[in-house]
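> sequence-free structure coming up:
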């Protein structure tokens, strides 16, 4: 009798333990995020804070804006970080997979063109000069600085920039060359902005571009180039003030998160996370050196989110100089 009772107790204990473990696993909530290396510092900071006040695990990957959208449109992630708007081919991929999305601008960034600190001649550059450096026709031909501007020295140019999966690459080529992804190919490309920083620091003829936050982190090693948008315009350096007042053109841009609309509607943890992101991220955005949206624009984004409106305010391509409120008003 005692033996039977002992066995019964063991079985009961095992069943209880199994139920408890299964229940715990079922209760574990995970939000998956991937995409832009530019947006990563913001989403990672928000995720860290959100996990402190919730029982939800938030994972944040970095596969570039394009790589992130591939995962998102396969249904592998709940949220996609993006440093440029969703493209038509990505919209089509999401549609084919039955995935709707909510487009949310979360901050402003300024693509920053940087040169080696020993470079004392190209501290100001026109958009035309940058185009001459980066357009496809420059490949294998524009190799020295004096080919860009005859007043500059006959110093070899070494270029560093994001890879083709990067939203920063798409936006820069749209803004400078006039067409997204239209670029010379003979440059050192990396999705890791730290690789680009090291490249420019290590080459006296180096020039590169990446998000403002990475320049801020490395401004003791690099020189930011003041951009002249067009003839007659002043040379403007990237800063919080010049981003907010719209004078840093054409390289100031909004950055985004894209939320799976089904996850937003049926996963309370996703809804709670995005609520937290939009309402509590301002100090975190500023901490990682991006520019928070002005209050009026932020309120418009929060209203848009609460209405859970799917779709994009863009026509399936990057667009330079668009205002946030105009963007949101396009989504019907």
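Ah, there it is. Being a predicted model, the structure only gives us computed values, none of them experimental.
> was I right about residue 243 contacting residue 254?
No - if you go by Cβ atoms under 8 Å, residue 243 and residue 254 don't touch, sitting 10.2 Å apart. Placement of C-beta: from N, CA and C, glycine included.
> where do the contact lists of the two overlap?
108, 109 (Cβ atoms under 8 Å, 6 or more residues apart in numbering).
> does residue 51 touch residue 59 like I think?
No - checked against Cβ under 8 Å, the pair residue 51 and residue 59 is beyond contact range at 10.3 Å.
> which residues are common contacts for the two?
The contact lists of residue 51 and residue 59 share no entry, where a contact means Cβ under 8 Å, 6+ apart.
> next up, the contacts around residue 332.
residue 311.
> likewise for residue 226?
Counting by Cβ under 8 Å, 6+ apart, residue 226 touches 123, 124, 125, 235, 236, 237.
> how near is the residue nearest to residue 164 when sequence neighbours are not counted to residue 107?
In space, and not counting its chain neighbours, residue 164 is closest to residue 181: 6.5 Å by Cβ to Cβ, 6 or more residues apart in numbering. In this view, residue 181 and residue 107 are 24 Å apart by Cβ to Cβ, to the nearest Å.
> those two: which is more packed in?
residue 107 (25 against 14; other Cβ atoms under 10 Å).
> do you know the pLDDT at that one?
With respect to pLDDT, residue 107 scores 94.
> give me phi/psi at it?
phi -170, psi 180 (degrees, to the nearest 10).
> that one pairs with what?
Beta-bridge partners recorded for residue 107 (DSSP bridges): residue 255.
> how about the strands in this structure?
Applying DSSP state E to the chain gives strands spanning 29-35, 56-60, 79-82, 101-110, 112-116, 124-126, 158-161, 188-189, 206-210, 222-224, 226-228, 235-236, 252-260.
> looking at those, which is buried most?
Mean neighbour count (mean count of other Cβ atoms under 10 Å) peaks for strand 79-82 among the strands of the chain, with a mean of 31.
> what is that one packed up against?
Judged by 3 or more Cβ pairs under 8 Å, 6 or more residues apart in numbering; DSSP states H and E, the packing partners of strand 79-82 are strand 29-35, helix 40-53, helix 64-72, strand 252-260, helix 268-280.
> quick one on the thing from earlier: mind putting the strands of the chain in a markdown table, distance to residue 146 included?
Below are these laid out as a markdown table (distance: least, Cβ to Cβ, whole Å):
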| stretch | distance to residue 146 |
| --- | --- |
| strand 29-35 | 39 |
| strand 56-60 | 44 |
| strand 79-82 | 38 |
| strand 101-110 | 28 |
| strand 112-116 | 15 |
| strand 124-126 | 14 |
| strand 158-161 | 15 |
| strand 188-189 | 21 |
| strand 206-210 | 14 |
| strand 222-224 | 19 |
| strand 226-228 | 19 |
| strand 235-236 | 20 |
| strand 252-260 | 30 |
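> out of those strands, nearest to residue 278?
Residue 278 lies closest to strand 101-110 among the strands of the chain, at 7.1 Å (Cβ to Cβ).
> what helices or strands is the closest one leaning on?
On a contact count with 3+ Cβ pairs under 8 Å, 6+ apart, strand 101-110 meets helix 212-217, helix 240-244, strand 252-260, helix 261-266, helix 268-280, helix 295-306.
> from the middle of its chain, how far away would it be?
With Cα atoms, centre = their mean, to the nearest Å as the basis, strand 101-110 stands 9 Å off its chain's centre.
> and if you look at stretch 121-139?
The chain centre lies 24 Å from the centre of stretch 121-139; the measure is Cα atoms, centre = their mean.
> could I get the buried residue list for that stretch?
Buried residues in stretch 121-139, counted by 16 or more other Cβ atoms under 10 Å: 122, 125, 126, 127, 129, 130, 131, 132, 133, 134, 135, 138.
> mind checking which of these land in helices?
Among those, DSSP state H puts 127, 129, 130, 131, 132, 133, 134 in helices.
> pLDDT-wise, which helix or strand of this structure ranks last?
Lowest by mean pLDDT, DSSP states H and E among the helices and strands of the chain is helix 2-27, with a mean of 40.
> which regions of the stretch 151-300 of the chain sit below the pLDDT cut-off?
Nowhere does the stretch 151-300 of the chain drop to pLDDT under 70.
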